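Peer 1: Sequence and predicted structure below; questions after.
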Amino acid sequence: MKIKKILHGRLYSRLLITSSLALLAACGATNPPIQSAGHLRANENRNAEIPQTVTGAPQLKRPQKRQRQETYSVVVDQVPVQQLLFSMSRDAHINLDIDNNIKGKITMNAIDQTLSKILDRIAAQTDITYSLKAGTLIVKKDVPVLRTYDVSYLNIERSSNGNVSISTEIGTAGGIKQAGSGDG
């Protein structure tokens, strides 16, 4: 009885090891993918000379002194945004294009600040966007805008082929009979 259990245990362990190895081998890749012609490859010219190190960095131009921007003081309480923008453009001597859909009131106390900082503060209080192009301040209602950007990617292409086949056999006492043979 003990011998039968030992043989049965050895058979079971061998069967377990064999099936584990078979499953492990089945998981491996049978054929690696073929690289496309546009795929990046290592430089094949390995005998090229190494370039000399750069000893001196290029000299940059000295920074020029920036012109001091004009500052403004704005103190308003519940003033319509259109009126505020018109008076600011008049004081700054710039042209103004303003959208008709802009509404809202502004309360602000800005002392000695540049025009761009004051406009940023106004845009934070109301739903507007602005841009300053060629001396004209363009103010629009802040609405979603569709923009398209061109992004250059590397040329990467990949293709693969696969094949799966299944074979089944049924064992009988008289030999091996093919499944689905149709013999009666």
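Peer 2: Perfect, I can see it now. Numbering: from 1, shown residues only.
Peer 1: Show residues contacting stretch 125-137.
Peer 2: Here stretch 125-137 makes contact (CB atoms under 8 Å, 6 or more residues apart in numbering) with 81, 85, 89, 94-97, 99, 102-104, 106-108, 116, 119, 122-123, 138-142. Every residue, glycine included, has its C-beta placed from N, CA and C.
Peer 1: which of these are buried?
Peer 2: Neighbour counting with 16 or more other CB atoms under 10 Å marks 81, 85, 89, 96, 102, 106, 119, 122, 139-140 as buried within those.
Peer 1: before we move on, the earlier item: out of the contacts of stretch 125-137, which are inside strands?
Peer 2: Secondary structure from DSSP state E places 95-97, 106-108, 138-141 of the contacts of stretch 125-137 in strands.
Peer 1: Could you tell me what pLDDT the model assigned to the residue nearest to the spatial centre of the chain?
Peer 2: Centrality entry for the chain: nearest residue to the mean C-alpha point is Val151, 10.8 Å, by CA atoms, centre = their mean. According to the prediction, Val151 has pLDDT 81.
Peer 1: That one sits in which helix or strand?
Peer 2: Of the helices and strands defined by DSSP states H and E, none includes Val151.
Peer 1: Adjust the sequence numbering to begin at 27 for everything that follows.
Peer 2: Right, with 27 as the first residue, what we last looked at is Val177.
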